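> predicted model and sequence follow; I will ask about them next.
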Amino acid sequence: MPIVVDIDVMLARRKMSVGDLAERVGITPANLAVLKNGRARAVRFATLAALCEALDCQPGDLLRWEPDTVGPEAARARASQG
């Protein structure tokens, strides 16, 4: 998936554990792990806002887009370049 979740980076910068963050945000450590490991298909804005508040950061510090290099869009892009 081209959306990369950088919660682990912010946790390291804030010297905070996953359990502590989950407690501050009000979600289970298991659900936070799903989000942190990039396995989530969606995130509620309320959860994103709570993460930003707990980590004192902006949404862009937690989420970033990277082009999907194996998907059909990438294949079409390569074909049009050649």
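Arrived safely. Residues are numbered from 1 along each chain as shown.
> contacts, neighbours, all on C-alpha from now
OK.
> how about the helices in the protein?
Remark: helices assigned in the chain by DSSP state H are 7-14, 18-25, 29-36, 45-55, 59-62, 72-81.
> just the buried residues of the first one, please?
Residues of helix 7-14 classed as buried: 7-8, 10 (neighbour count, 16 or more other CA atoms under 10 Å).
> for the fifth one, same thing?
Along helix 59-62, these residues count as buried under the neighbour rule (16+ other CA under 10 Å): Leu62.
> how far out from the middle of the chain is it?
Relative to the centre of its chain, helix 59-62 is centred 8 Å away, using CA atoms, centre = their mean, to the nearest Å.
> which helices and strands does it pack with?
Applying 3 or more CA pairs under 8 Å, 6 or more residues apart in numbering; DSSP states H and E, we find helix 59-62 packed against helix 7-14, helix 45-55.
> so can I have a markdown table of these showing mean pLDDT and distance to Trp65?
Listed next are the helices and strands packed on helix 59-62 as a markdown table, based on pLDDT from 0 to 100; distance: least, CA to CA, whole Å:
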| stretch | mean pLDDT | distance to Trp65 |
| --- | --- | --- |
| helix 7-14 | 96 | 14 |
| helix 45-55 | 97 | 16 |
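> these: which one's closest to Asn31?
Closest approach to Asn31 among the helices and strands packed on helix 59-62 is made by helix 45-55 (11.0 Å; CA to CA).
> poorly predicted segments of this structure, please.
1, 70-82 (pLDDT under 70).
> buried set for stretch 23-43?
25, 29, 32-33, 35-36, 38.
> that should have said stretch 46-66, apologies.
Within stretch 46-66, the residues that count as buried by 16+ other CA under 10 Å are 48-52, 54-55, 62.
> can you give me the end-to-end distance of it?
When the termini of stretch 46-66 are compared using CA to CA, to the nearest Å, they are 24 Å apart.
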